[in-house]
Structure formats: C-alpha cells, structure tokens
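# Fold the stuff below for me.
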Amino acid sequence: MDEFQRSQAHWPVLLTRLQERLSYRFTHIQWLEEALTHRSYGQPHNERFEFLGDAVLNLLIAQQLFERFPKLDEGSLSRTRASLVRESTLAELAKSLDLGNYVRLGEGERKNQAWARASMLADTFEACLGAIFHDGGIASAKVFVDSVFKNLIDQIDPLILAKDHKTQLQEQLQRQRLAIPRYSIVAQHGQAHAQEFEVRCEVEALDLQAVARGASKRQAEQAAAAIVLERWQARHQRASQ
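Numbers count the residues shown, from 1 in each chain. You can find the predicted model right below:
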C-alpha cells in the first residue's frame, strides 16, 4: 500500500474509485467509510457491517443456488453455499476488487501488512456488502452479489455437487490412480449424550492431511475431507499460475 493510498487528503478520490470498482454509488458515503474501517483504526469500525453482510450474503447465495439448481437436495445446496462463502473464496473476490488497498488500519496493523491477510480481506468484503445492503436495500445487494459471484456459479457442476466431500475426494484420487484417504479418530470430546469427534483425513501420496471436528464420526470425516479437497485444489491452482 503506497503513501498516496494512505493519505487522508486523497480519501474522497479513493472512495470514488472504489465505488466504480463496486459498480455501486452510495447515497450515504459514510457507510462505505465505516465498512472500510478496521477496529484498529478507530470508531466506528466495520464489524457491525460485517455481521450484516454475512447474513445478506448467505441469503442471496442460497437464493441463487435454489433457483439455478432445482434438482439439488438440501445437503448439496448447503455444501455448495459453504464453498462459495468460505473465507478463501471471499478473500479472492476482495483481491479482485482491490479492497486491501482501501481498508483503513491502525499503525500496528499496517506495519504487519494486515491488508493482505485472507481473514481481513474476507471481513472487508462482507462489510462492504453489508454497507451496500444498508444503503440501497436487497435489490442493490443482489446486483452486486450476482455480478461478483457470476463466474464462480457458472462453473458449478451439479453432478459433482450431488456427491459429498468424502466421495468427491475418493473419486478424484482414483482418477489420479492414487490410494484412497485414510481416516482416523484423533480424539473424542464431551459426554456420551453430546459427544464431538475429532478425525484426521490423510492422503499420503499427496502429503496432505487435515483434522476436523463434528457431532458424529461421519460429520467429522466429511469436514476433514472438505479441507483436504480445498488444500489440494489450492495447490493445483498455485502450480498452474
């Protein structure tokens, strides 16, 4: 982030530029300013808008998937929505909008280059969506979400969505002629009536593993498989760049 972007003298210019990137013109520009303000910078900060944006995003993505894929069951729709609204996806969308160069941070966070952190980017994306919703209502928020998520949703394969994460991981490994994952219980927590399982999913051929928790052994296995899938896909994307 250069000195020009940090300069308050150029802040109105930056806000105008960002609104062009968002394809939305605010009636109440102070709400965009708040959405871009981290708590380390001062008050009011963007956590309330982040909360609002998270709820709006889940609703609008659910609506899109519900309308686009009428034959998918609830489980497949839920898994797909989770993959679209997860931190890594939102961080990539925030990068495409260059949000890291607009967020206002305290001195310590600037020195730590917090604007580049995935969590910071994802939170700022949700806060900006919350501000758009608060300023222009659900119609404006929908236009924004439809625009930024269009390519991701267009690439969704409903045949893959119908399969759970364990099945997806196993089939992808088999296509590569690699051994299937190994699942093992790492720990069990809680009393018998409210247990939580901690399970490891390991793919030795890829040197990948993940540990996740769930209310049942099956849920924990699914969650761990999902993490391994995500890490495998991220590795493949880095290799192809």
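# Tell me which stretches of the protein form strands.
Along the chain, counting by DSSP state E, strands occupy 182-189, 196-203, 208-214.
# Tell me the buried residues in the longest helix seen in the chain?
Secondary structure of the chain read by DSSP state H shows that its longest helix is helix 118-154. Within helix 118-154, the residues that count as buried by 16 or more other CB atoms under 10 Å are 120-136, 140-142, 144-145, 148-149, 153. Glycine gets a C-beta too; all of them are placed from N, C-alpha and C.
# same deal with stretch 195-204?
Neighbour-count burial for stretch 195-204 [16+ other CB under 10 Å]: Phe197, Glu198, Val199, Arg200, Cys201, Glu202, Val203.
# what residues does that stretch touch?
169, 173, 178-179, 181-190, 208-217, 219-221, 223-225, 227-228, 232 (CB atoms under 8 Å, 6 or more residues apart in numbering).
# Do me a favour and average the pLDDT over it.
Averaging pLDDT along stretch 195-204 yields 93.
# Check stretch 11-29 too.
Across stretch 11-29, the average pLDDT comes to 92.
# Can I get it as CSV, trimmed to CA atoms?
What follows is stretch 11-29, C-alpha atoms only, in CSV (Å, rounded to 0.1, in the frame of the first residue of the first chain):
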residue,chain,number,x,y,z
TRP,A,11,-9.5,9.7,0.7
PRO,A,12,-12.5,11.2,-1.3
VAL,A,13,-10.7,10.2,-4.6
LEU,A,14,-10.2,6.7,-3.3
LEU,A,15,-13.8,6.4,-2.3
THR,A,16,-14.9,7.5,-5.7
ARG,A,17,-12.6,5.0,-7.3
LEU,A,18,-13.8,2.1,-5.1
GLN,A,19,-17.4,2.9,-5.9
GLU,A,20,-16.6,2.4,-9.5
ARG,A,21,-15.0,-0.9,-8.8
LEU,A,22,-18.0,-2.0,-6.8
SER,A,23,-20.3,-0.7,-9.5
TYR,A,24,-22.4,1.0,-6.9
ARG,A,25,-22.8,4.6,-5.9
PHE,A,26,-23.5,5.2,-2.2
THR,A,27,-26.2,7.7,-1.1
HIS,A,28,-24.7,7.6,2.4
ILE,A,29,-20.9,7.6,1.7
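# Let me see the residues that make contact with it.
Applying CB under 8 Å, 6+ apart, the external contacts of stretch 11-29 come out as 5, 32-33, 36, 97-99, 102, 128, 131-132, 134-136, 140, 143-144, 147.
# ditto for stretch 136-144
Here stretch 136-144 makes contact (CB under 8 Å, 6+ apart) with Leu22, Ser23, Tyr24, Phe26, Thr27, Val56, Leu60, Leu129, Ile132, Phe133.
# number of nearby residues for the nearest residue to Leu65 once chain neighbours are set aside?
Leaving aside its sequence neighbours, Leu65 sits nearest to Leu77 (CB to CB, 6 or more residues apart in numbering; 5.2 Å). A count of neighbours around Leu77, defined by other CB atoms under 10 Å, yields 17.
# And Leu77, how far from Leu84?
11 Å (CB to CB, to the nearest Å).
# just for this protein, where's the confidence low?
Within the chain, the stretches with pLDDT under 70 are 1-9, 114, 159-162, 237, 240-241.
# Domain map for it?
Per automatic domain parsing, the structural domains of the chain span 3-156, 165-240.
# out of those domains, deepest packed?
Sort the domains of the chain by mean neighbour count, taking mean count of other CB atoms under 10 Å, and domain 3-156 sits at the top with a mean of 17.
# Fine by me, we can end here.
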